[in-house]
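Chemist: Please work out how this folds:
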Amino acid sequence: NIRIGGHVQFIRPLILPMTTAAAEASKGSRLTEKEDEKVKGLSAASENYGNFFAQNCFPAASGVVLIQSGLAVAGYEVTLSSIASASISVMIISIILTMVQVFLFDRQVKGGKK
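Modeler: This is a model prediction of the structure:
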């Protein structure tokens with residue numbers, strides 16, 4: 001659960017320029033202001049999806065420990081690994097939905113639809 005950055009440290013200076021260049025290459029011309037803003041939003045959203053939906057897949061993550069302690073107080077005996085394993089399906093669904101979202105935007109940019 002070691003984050004390599006966030007919006008300011010990783011997305012804005014590294015990922016955003018690469019995604020903008022890829023979108024412009026896909027389109028074959030410069031992006032409109034609206035498309036550029038959409039690329040910024042998708043870049044930031046992708047990092048959020050990964051952090052929010054996949055953070056509990058690591059058994060020693062603070063969120064997993066918090067869930068386990070909360071369940072223990074309520075009388076449920078669960079292991080850190082079982083909580084992390086249960087989070088994998090949510091992570092996979094979020095990856096699939098993110099891929100669909102990005103694919104649809106790519107198709108929109110290539111087609112020139114607004």
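
Chemist: where along the chain do the helices fall?
Modeler: Secondary structure of the chain (DSSP state H): helices at 16-27, 33-54, 62-73, 80-111.

Chemist: so can I have TSV of the ones you listed showing mean pLDDT, distance to residue 10 and mean neighbour count?
Modeler: Every C-beta, even on glycine, is put in place using the N, C-alpha and C of the backbone. Formatted as TSV, the helices of the chain follow (pLDDT from 0 to 100; distance: least, C-beta to C-beta, whole Å; neighbours: other C-beta atoms under 10 Å):
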stretch	mean pLDDT	distance to residue 10	mean neighbour count
helix 16-27	89	10	14
helix 33-54	88	7	15
helix 62-73	94	20	14
helix 80-111	91	17	14
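
Chemist: would you turn the ones you listed into TSV with distance to residue 9?
Modeler: What follows is the helices of the chain, written out as TSV (distance: least, C-beta to C-beta, whole Å):
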stretch	distance to residue 9
helix 16-27	12
helix 33-54	10
helix 62-73	20
helix 80-111	21
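
Chemist: and residue 15, what does it touch?
Modeler: 43, 46, 47 (C-beta atoms under 8 Å, 6 or more residues apart in numbering).

Chemist: Wait, the last one touches residue 12, no?
Modeler: No - proximity of residue 47 to residue 12 does not meet the contact threshold set by C-beta atoms under 8 Å, at 10.1 Å.
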